[in-house]
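# take this sequence and fold it.
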Amino acid sequence: MIHFDFLWALIALPLPLIIYWLPAKKHIQAAPLKMPTIIKGVQTEEFAPEKKKSSLVILSLIWLLVVLASTQPQWLGEAVNVPTEGREMMIAVDLSGSMQVEDMRLNGSTVNRLDMLKVLLGEFIERRSGDKLGLILFGDDAYMQTPMTFDRKTVQQMLDETVLGLVGKQTAIGDAIALAVKRFDEKKDSNRVLLLLTDGQNTAGKITPDQALELAVAKDITIYSIGIGADVMIQNSLFGTRRVNPSSELDEESLQRLADETGGYYFRARASEDMSKIYKLLDDLEPVEQEQQQMRPLTALFQWPLGLALLISLLTLLIKSSVNNQFFKRNKAITGVKH
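Below is the predicted model of the structure:
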């Protein structure tokens, strides 16, 4: 179905005829000066009624196409149902220096915490069909790596390209939460969820976790905090091996409070297997149901009549130029013969 945005523009169609029919202003002129014609038949050839008629037809066609293009014709496609349920999720990933500790097991190998997150979060992002996702990276400060988008591949790619030390070596948890609150779309009926993944405590930033928590509660944002890191790690030294706690700096109390006061949960990810619990819970989240909406895709068509008008104009100019060149060549040849 064709739709015209500016159908009223068609009133300009008869404008050339109105101008043509307007009475010409009478001028008192002296007797015309008659010039001798060098070539017989020039006047009849140049101003023949047939040529006048063809020129008027071409000009009328060009004007018709230009006016048609100005009406902004559009093709309305078939109605398509638009998904209106889902979640808005912001994923905040800690890139502080401690994320390089190799205390995680993944597929039988020992890897650092960030590499584990890249694999498991990549799988998680792939499963979030219909959700609007964003990615925040935080260290000394918090940065928006990927704004809210339905493009899961872009979010996953941005996560895969992260490197340790990209945003500093400290941990600005409060700034990350505050940035997530700011970036959430202003939409009342929405499950806005923040996944906060960190292995430490707040050591940097301008906003404390408590201040950021107040902002999150005011915006009705649910925080799922995830503490990353093993409880025990075997460390080799000159005096042999010893058992150490690589997660001694993890502020579990603060992460638990962030989750409890926003209606979320706190998870302790000591190994890659623990992340499956997060998957299960987030899969059970009920999306916000809204009324079904439909959209009819629009395809602009104005470029076709406009392009055709330009093409006809160009061809007309080329033909007239060619005819004039032939005329002057013939005129020159006849003049040379007479001399």
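# walk me through the domains of the protein.
2-22+38-77+298-338, 86-290 (automatic domain parsing).
# which of these is buried the deepest?
Highest mean neighbour count among the domains of the chain (mean count of other Cβ atoms under 10 Å): domain 86-290, with a mean of 18. Placement of C-beta: from N, CA and C, glycine included.
# give me the next element, helix or strand, following the one helix or strand L121 maps to.
Under the criterion of DSSP states H and E, L121 resides in helix 113-126. Sequence-wise, the next helix or strand downstream of helix 113-126 (DSSP H and E) is strand 132-138.
# so that following strand versus helix 113-126, what angle?
Calculated by axes from the mean of the first three to the mean of the last three Cα atoms, to 10 degrees, strand 132-138 forms an angle of 170 degrees with helix 113-126.
# other SSEs contacting the following helix or strand past strand 132-138?
Going down the chain from strand 132-138, the next helix or strand is strand 142-149, by DSSP H and E. When contacts are defined as 3 or more Cβ pairs under 8 Å, 6 or more residues apart in numbering; DSSP states H and E, strand 142-149 sits against strand 87-94, strand 132-138, helix 152-160, helix 173-183.
# let's see it at 7 Å
strand 132-138, helix 152-160, helix 173-183 (3 or more Cβ pairs under 7 Å, 6 or more residues apart in numbering; DSSP states H and E).
# closest one to L106 among these?
helix 152-160 (15.0 Å; Cβ to Cβ).
# pLDDT of that closest one, averaged?
Mean pLDDT, helix 152-160: 91.
# which neighbouring elements make contact with that helix?
Going by 3+ Cβ pairs under 7 Å, 6+ apart, helix 152-160 lies up against helix 113-126, strand 132-138, strand 142-149.
# let me have the ones you listed in JSON lines, adding distance to L65 as columns.
Shown next, in JSON lines, are these (distance: least, Cβ to Cβ, whole Å):
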{"stretch": "helix 113-126", "distance to L65": "49"}
{"stretch": "strand 132-138", "distance to L65": "43"}
{"stretch": "strand 142-149", "distance to L65": "40"}
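# let me see the contact set for the nearest residue to T222 once chain neighbours are set aside.
With sequence-adjacent residues excluded and distances taken as Cβ to Cβ, 6 or more residues apart in numbering, T222 is closest to G264, at 4.6 Å. Neighbouring residues of G264 by Cβ atoms under 7 Å, 6 or more residues apart in numbering: 222-224.
# where does L166 fall, phi/psi-wise?
phi -60, psi -40 (degrees, to the nearest 10).
# where's it relative to P209, distance?
22 Å (Cβ to Cβ, to the nearest Å).
# before we move on, the earlier item: lowest-confidence stretch among the domains of the chain?
Among the domains of the chain, domain 2-22+38-77+298-338 scores lowest, at a mean of 76.
# hang on, the earlier thing: among the helices and strands packed on helix 152-160, which comes closest to S70?
Here strand 142-149 is closest among the helices and strands packed on helix 152-160 (Cβ to Cβ), at 35.7 Å.
# tell me the bridge partners for the residue positioned nearest the centre of the chain.
In the chain, the centroid-proximal residue (Cα atoms, centre = their mean) is T149; its distance is 8.4 Å. Under DSSP bridges, the beta-bridge partners of T149 are L133.
# tell me the contacts of it?
132-133, 155.
# dump these to a markdown table, plus distance to L215.
Below are these laid out as a markdown table (distance: Cβ to Cβ, whole Å):
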| residue | distance to L215 |
| --- | --- |
| K132 | 20 |
| L133 | 20 |
| V155 | 23 |
